[in-house]
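Novice: Make a model of this:
(one chain, ligands or ions: 2)
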Amino acid sequence: MAYFRTLCAMILKNETTGMSNRLEIDCSHGKGIACMICCHQLKSPIPVGFIENSSDPDDLQGWCYACEYLYQTEGERTEKFKKFNDARLVCEKCYERYKSLHWTE
Ligand SMILES: [Zn+2]
Ligand SMILES: [Zn+2]
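Specialist: Numbers count the residues shown, from 1 in each chain. Ligands and ions are numbered 1, 2, ... in the order given. Okay, the predicted model is just below:
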């Protein structure tokens, strides 16, 4: 029921803002599009790798090499993976910043 209510609130919000798939987030930069990165990328001051999981600009997701390794081992987004990944929402500006910090060739 709580989930359903959250979903309704999201749909209503999208209708009023006229943004279909986008989820907005309040950041220090102001309002931005919500993107997901893993907790390791959020916390680590040194590069931990950056694997991008979506090419959809409205649904950006990234995680580090350790998360990718576990994902490959688990085969899917299991509970164990979700716990390890511990995805955090950031705005698209932060996402780009973390991406350039953690991206390694
Ligand atoms: Zn990670
Ligand atoms: Zn931001």
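Novice: give the contact list for the residue positioned nearest the centre of the chain.
Specialist: Nearest residue to the geometric centre of the chain (CA atoms, centre = their mean): M36, 0.6 Å. Residues in contact with M36 (CB atoms under 8 Å, 6 or more residues apart in numbering) are L60, Q61, G62, A87, R88, L89, V90. C-beta coordinates here come from the backbone N, C-alpha and C atoms, glycine included.
Novice: Quick check: nearest residue in space to the fifth one, chain neighbours excluded?
Specialist: Once its chain neighbours are removed from consideration, R88 has its nearest residue in L42; the separation is 5.0 Å (CB to CB, 6 or more residues apart in numbering).
Novice: picking that back up, which of the contacts of M36 fall within strands?
Specialist: G62, R88, L89, V90 (DSSP state E).
Novice: Now do the contacts for the last one.
Specialist: If a contact means CB under 8 Å, 6+ apart, then V90 has I25, C27, A34, C35, M36, I37, L42, Y98 as its contacts.
Novice: Quick check: residues of this structure near ligand 2?
Specialist: C27, H29, C91, K93, C94 (CB under 5 Å from the ion).
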